[in-house]
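[1] Provided below for reference: sequence and predicted model.
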Amino acid sequence: MPTDPFSAIVYVFLLIPGLLYISLRENHRTTKKQSAFRETATVIFASALSLLCSFLLLLFISLFVEGTRLWVAGLIATPDALQAERPIEFVLLLLLLLIIATVFAYFAAHPIAHRLIERLGISQGRVQKTFSGWNRAFTAMPGHLVMVSVQFTNGDWMQGPLASYNPSADETMDRSLTLCGEIHFRSKSSSESSSMDGKQMIVIHASEIQYLAVTYMAPDESDENLGYHRR
């Protein structure tokens, strides 16, 4: 751990790539809740790997740019001396490495990187920990309208277009989904369903669901709410 104030500040800033990576990953894909230890380890590992990639890139550039080669050699051989002799240039070099590492972390967390890994077959055979039946049902056919039919524990039934849902991969009973559009409802005491107001939004909690069925429909180009209900 750093012992002087400057090193402590640098240590905190070097965690920025890992923090960006884990934040963007949660925004772009469903995640399973991790322990504090695993989440901290992910941040540190992502930061270290991003910084390593940025430093390797700087080493590669130094092979062709002679002026950069001296700076990189000084940073590797005598970093304390370089910091003492040229503190401003030393800080600027650290900032450059941090910026490049942050860019690496950004692209590593982007969905394009995950699709590339899947195409290369690197993750083939691995157990998928970031998907639940809830998530798979709603994302199985991208670009289609997702129609959800819900049988409630009290015997009521409801059907309508999916508007949103909790993307967590944890199988918890406090998750919820929302329906919006042409919603049909049938109470347990009725044999026929009735159509509800199309401008209503219904929130359904997982604890109220006995079973759930999903139907995928090809989108109608004339539907005003196409972008809202498309997955």
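    Yes, it's here.

[2] C-alpha only now, for contacts and for neighbours.
    Will do.

[3] which residues does the spatially closest residue to Glu192 that is not a sequence neighbour form a beta bridge with?
    The shortest distance from Glu192 to any residue that is not its chain neighbour, by Cα to Cα, 6 or more residues apart in numbering, is 6.2 Å, and that residue is Arg186. Each beta-bridge partner of Arg186 is listed here: Trp157, as defined by DSSP bridges.

[4] got a list of what Arg186 touches?
    When the contact criterion is Cα atoms under 8 Å, 6 or more residues apart in numbering, the partners of Arg186 are 156-158, 192-194.

[5] likewise Ala101?
    Contacts for Ala101 were tallied using Cα under 8 Å, 6+ apart; they are 17, 47, 50-54.

[6] in PyMOL, select just the buried ones from those residues.
    Applying 16 or more other Cα atoms under 10 Å to those leaves a buried subset, and the PyMOL line that selects it is:
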select buried, resi 17+47+50+51+53+54
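
[7] ok, the contacts of Ala101 vs Leu96, which is closest?
    Leu96 has its nearest neighbour among the contacts of Ala101 in Ser54, at 8.9 Å by Cα to Cα.

[8] pretty sure the closest one is in a helix, no?
    Yes. When the secondary structure is assigned by DSSP: H, G, I helix; E, B strand; the rest coil, Ser54 falls within a helix.

[9] show me what contacts it?
    For Ser54, the contacting residues are 97-98, 100-101, 104, by Cα under 8 Å, 6+ apart.

[10] and if we set it to 10 Å?
    Applying Cα atoms under 10 Å, 6 or more residues apart in numbering, one finds that Ser54 lies in contact with 48, 60, 96-104.

[11] one more: Leu179?
    The neighbours of Leu179, taking Cα under 10 Å, 6+ apart as the test, are 146-148, 158-165, 200-204, 229.

[12] could you redo the last one with a cut-off of 7 Å?
    With Cα atoms under 7 Å, 6 or more residues apart in numbering as the criterion, the residues that contact Leu179 are 160-163, 201-203.

[13] just to revisit the earlier point, how much space between the residue nearest to Glu192 and Lys199?
    In this view, Arg186 and Lys199 are 18 Å apart by Cα to Cα, to the nearest Å.

[14] could you do Phe107 as well?
    Note on Phe107: its distance to Lys199, by Cα to Cα, is 39 Å.

[15] more neighbours: these two, which one.
    Neighbours around Phe107 and Lys199, counted as other Cα atoms under 10 Å, are more numerous at Phe107. The numbers are 14 against 9.

[16] secondary structure class of the more buried one, three-state.
    Three-state call for Phe107 (three-state DSSP): helix.

[17] helices of this protein, start to end?
    In the chain, the helices defined using DSSP state H lie at 5-13, 16-28, 36-62, 66-77, 79-85, 87-109, 111-120, 133-139, 226-229.

[18] can you turn the buried part of the contacts of Ser54 into a ChimeraX selection?
    What follows is the ChimeraX syntax selecting those of the contacts of Ser54 that are buried according to 16+ other Cα under 10 Å:
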select :48,97,98,99,100,101,102,103,104
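
[19] ok, of the contacts of Ser54, which one's closest to Ile9?
    Relative to Ile9, the closest of these is Leu98; by Cα to Cα it sits at 13.0 Å.

[20] next up, the contacts around the closest one.
    Listed by Cα under 7 Å, 6+ apart, the contact set of Leu98 reads 14, 51.

[21] report pLDDT for it.
    Confidence per residue is given as pLDDT, and for Leu98 that number is 86.

[22] next one: His229
    His229 is assigned a pLDDT of 48 by the prediction.
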